[in-house]
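**Student:** just a sequence and a predicted model for now, questions to come.
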Amino acid sequence: MTQKPWQGRFDKPTRQEVEEYTESLSFDKRLYKYDIKGSIAHCRMMAECGIISHDEASEIVTALGEIQREIERGEFVFEPFYEDIHMAIEHRLIQKVGDIGGKLHTARSRNDQVCLDMRMYLKDAIIEVRINLIRVMEALANLAEENVEVVLPGFTHLQHAQPVSLGHHLMAYCEMFRRDEERFRDCYKRVDVLPLGSAALAGTTFPIDMEWTAKYLGFSKITRNSMDAVSDRDFLVEFLAASAIIAMHVSRLSEELIIWSSPEFSFVEISDAFCTGSSIMPQKKNPDVAELMRGKTGRIYGNLISLLTVLKGLPLTYNRDLQEDKEPVFDTVDTIVRTLQLLALMLPEVKFNEERMESALESGYTLATELADYLVSKGVPFRKAHHSVGQIVKYCIDSNKKLTDCSLEELKQFSKCFEEDVFEVLDYRKAVERRKSIGGTSFLRVREAIEEIRQHLSMLKEELGSKS
Ligand code: ARG
């Protein structure tokens with residue numbers, strides 16, 4: 001019967017139920033590429049350092065390459081008996097090359113090996129997330145550019161507040177995703193650290209060269225403390241936290257698309273390709289994709305809390321609890337990448353309804369601030385101006401009028417300071433154009449912001465082009 005690699009000190013075989021309970025192969029097999037790459041690096045380094053011979057190393061490296069191809073062709077048998085991907089690959093290696101294969105695990109442990117694999121996996125995942133964030137930002141910048149001069153009510157408390165450029169509204173989301181991208185870039189620095197060589201927890205007696213391995217695998221740094229190296233999962237927590245923030249941003253955007261596409265708003269129409277119908281109500285077109293983007297935020301937050309809870313109170317160093325780090329991370333990577341991919345596809349197809357936005361501007365008295373500012377420019381203290389305009393709004397509500405319907409005589413009843421030039425400020429576009437403060441909604445500022453983000457995005461793409 002095949003033995004476990006650690007069977008030596010055991011009298012009884014593992015119970016079947018225990019094997020099923022403790023295995024991680026069913027989900028960590030997705031690390032195979034990284035596990036093999038890490039093993040090749042380790043093997044070559046050992047040959048460089050004279051720990052194994054160059055002949056032994058090349059035999060092992062060749063066999064590892066074959067194993068990778070077996071996995072990729074679907075020929076590899078993932079036997080739960082081998083617990084995890086590390087042991088499954090090692091077992092196959094020994095099957096192929098005999099005893100020499102057993103030399104690969106010199107000067108390392110699964111504890112540093114699994115950290116290495118997760119770090120390598122996450123480095124690629126971070127780049128994928130960043131690429132998709134860039135696509136979403138590009139889609140938003142394109143939409144913003146098409147809609148710089150479309151004016152709609154900006155909201156506070158979900159009540160009509162002041163007229164804003166639709167481009168400005170869309171660019172607000174671009175800012176959020178831009179910070180997200182920055183967070184991932186920052187998180188990457190702490191992932192990009194080589195732990196291999198920390199061995200089980202204390203380092204190794206063999207004359208290894210961690211710098212050689214780091215260089216070979218493209219790591220910028222090496223862990224400074226072997227005990228920390230095998231028990232640290234902060235880098236995963238950071239990734240999960242940064243992903244949770246993206247999910248929160250996506251869910252806010254989704255929510256706006258959902259309420260804006262309701263008949264009450266009708267500001268936007270999401271393309272048919274991103275909606276589904278109802279099995280019972282023939283008239284329905286539901287924004288399911290946006291709803292699921294909002295809904296998936298739940299599992300992404302959950303994954304962060306799962307891992308934080310696994311780590312809480314864990315003594316140094318490696319504990320088997322740490323195996324529970326994988327599923328939350330894999331699930332978050334899959335969910336966030338797919339969500340961003342879909343968002344980048346959905347955004348270019350949304351259609352905004354300019355007429356509805358315009359009529360919302362009128363029913364919402366969004367020019368009230370313009371009127372108050374006008375009175376201030378005529379020397380009226382702001383508080384007094386605010387009060388007079390409040391009375392005008394009440395008068396309009398009572399007499400079912402828009403602010404723009406009022407004559408000069410009607411306005412003069414509320415303040416003598418109104419003159420003919422008041423009608424110049426009672427204009428939605430002008431109200432937008434006048435807000436030229438930094439970060440304000442004037443068309444000019446929005447165009448500048450779009451131009452600026454485009455430069456930023458092309459710089460990021462250039463950087464990532466060389467990495468991927
Ligand atoms: N499958 C394990 C994990 O994911 C690998 C490390 C196991 N180490 C050990 N000493 N049992 O954490």
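**Tutor:** Sure thing, it's come through. Residues are numbered from 1 along each chain as shown.
**Student:** low-confidence ranges, the stretch 201-350 of the chain, go.
**Tutor:** The stretch 201-350 of the chain contains no residues with pLDDT under 70.
**Student:** helices along that one, start to end?
**Tutor:** 210-217, 226-231, 234-260, 288-295, 297-311, 326-346 (DSSP state H, counting those that start in this stretch).
**Student:** packing partners of the longest helix anywhere in the chain?
**Tutor:** Ranked by residue count and defined by DSSP state H, the top helix of the chain is helix 110-146. The elements that helix 110-146 packs onto, with contact taken as 3 or more CB pairs under 8 Å, 6 or more residues apart in numbering; DSSP states H and E, are helix 32-48, helix 85-97, helix 166-191, strand 193-194, helix 226-231, helix 234-260, helix 326-346, helix 443-467. No exception for glycine: its C-beta is placed from N, CA and C like everyone else's.
**Student:** now the helix or strand following that helix: buried residues?
**Tutor:** Using DSSP states H and E, the helix or strand that follows helix 110-146 towards the C-terminus is strand 151-156. By neighbour count, with 16 or more other CB atoms under 10 Å as the criterion, the buried positions of strand 151-156 are 151-155.
**Student:** dump the residues you listed to TSV, plus pLDDT and distance to the ligand.
**Tutor:** Rendered in TSV, the data for the buried residues of strand 151-156 read as follows (pLDDT from 0 to 100; distance: CB to the nearest ligand atom, whole Å):
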residue	pLDDT	distance to the ligand
Val151	97	55
Leu152	97	51
Pro153	96	53
Gly154	97	49
Phe155	96	47
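**Student:** now the residue of the chain most remote from its centre: which helix or strand?
**Tutor:** The centre of the chain is farthest from one residue, Glu409, which by CA atoms, centre = their mean lies 55.8 Å away. If you go by DSSP H and E, Glu409 is part of helix 408-412.
**Student:** list the contacts of the helix or strand just after that helix.
**Tutor:** Scanning the chain past helix 408-412 towards its C-terminal end, the next helix or strand to appear is helix 422-425 (assignment: DSSP H and E). When contacts are defined by CB atoms under 8 Å, 6 or more residues apart in numbering, helix 422-425 is touched by residues 367, 370-371, 373-374, 408, 411, 430-431.
**Student:** quick one: the longest helix of the chain to helix 210-217, angle?
**Tutor:** With axes from the mean of the first three to the mean of the last three CA atoms, to 10 degrees applied, the angle from helix 110-146 to helix 210-217 works out at 40 degrees.
**Student:** how far does helix 110-146 sit from the chain's center?
**Tutor:** The gap between the average C-alpha position of helix 110-146 and the chain average comes to 7 Å, counting by CA atoms, centre = their mean, to the nearest Å.
**Student:** pull up the residues of this structure that are close to the ligand.
**Tutor:** If contacts are counted using CB under 6 Å from any ligand atom, the residues of the chain sitting beside the ligand are 24, 28, 84, 110-111, 114, 318, 320, 322-323.
**Student:** phi, psi for the closest residue to Cys417 other than its chain neighbours please.
**Tutor:** If you skip the residues right next to it in sequence, Cys417 has Lys378 as its closest partner in space, 4.2 Å away by CB to CB, 6 or more residues apart in numbering. Comment: the main-chain dihedrals of Lys378 come out as phi -90, psi 10, following degrees, to the nearest 10.
**Student:** before we move on, back to that, quick one: pLDDT of the residue farthest from the centre of the chain?
**Tutor:** We have a pLDDT of 95 for Glu409.
**Student:** same question, Lys467
**Tutor:** What the model reports as pLDDT for Lys467 is 69.
**Student:** run a quick neighbour tally on the nearest residue to Leu133 once chain neighbours are set aside.
**Tutor:** Counting by CB to CB, 6+ apart, the nearest residue to Leu133 once its immediate chain neighbours are dropped is Glu181, at 4.6 Å. The number of residues packed near Glu181 is 23, by other CB atoms under 10 Å.
**Student:** by proximity to the ligand, which residue of the stretch 301-450 of the chain wins?
**Tutor:** Minimum separation of the stretch 301-450 of the chain from the ligand (CB to the nearest ligand atom) falls at Gln323, amounting to 3.6 Å.
**Student:** contacts only, for that residue.
**Tutor:** For Gln323, counting by CB under 8 Å, 6+ apart, the contacting residues are 24, 84.
**Student:** again with Phe10
**Tutor:** Applying CB under 8 Å, 6+ apart, one finds that Phe10 lies in contact with Lys4.
**Student:** for Gln3, see how far away it is.
**Tutor:** For Phe10, the distance to Gln3 equals 9 Å [CB to CB, to the nearest Å].
**Student:** quick one on the thing from earlier: thought the residue nearest to Leu133 was touching Arg130?
**Tutor:** Yes. Contact status for Glu181 versus Arg130: in contact at 5.7 Å, counting by CB atoms under 8 Å.
**Student:** return every residue with contacts to both of those two.
**Tutor:** In terms of CB under 8 Å, 6+ apart, Glu181 and Arg130 are both contacted by the residues Leu460.
**Student:** show the contacting residues for Asn111.
**Tutor:** Residues in contact with Asn111, defined by CB under 8 Å, 6+ apart, are 198-201, 230, 317-318.
**Student:** again, only using 10 Å
**Tutor:** Asn111 makes contact with 195, 198-201, 226, 229-231, 317-319, 322 under the criterion CB atoms under 10 Å, 6 or more residues apart in numbering.
**Student:** and the closest residue to Arg434 other than its chain neighbours, what does it touch?
**Tutor:** Of all residues not flanking Arg434 in the chain, Ser442 sits nearest, at 6.8 Å (CB to CB, 6+ apart). Contacts of Ser442 were listed using CB under 10 Å, 6+ apart, and they are 148, 164-165, 168, 431-436, 448.
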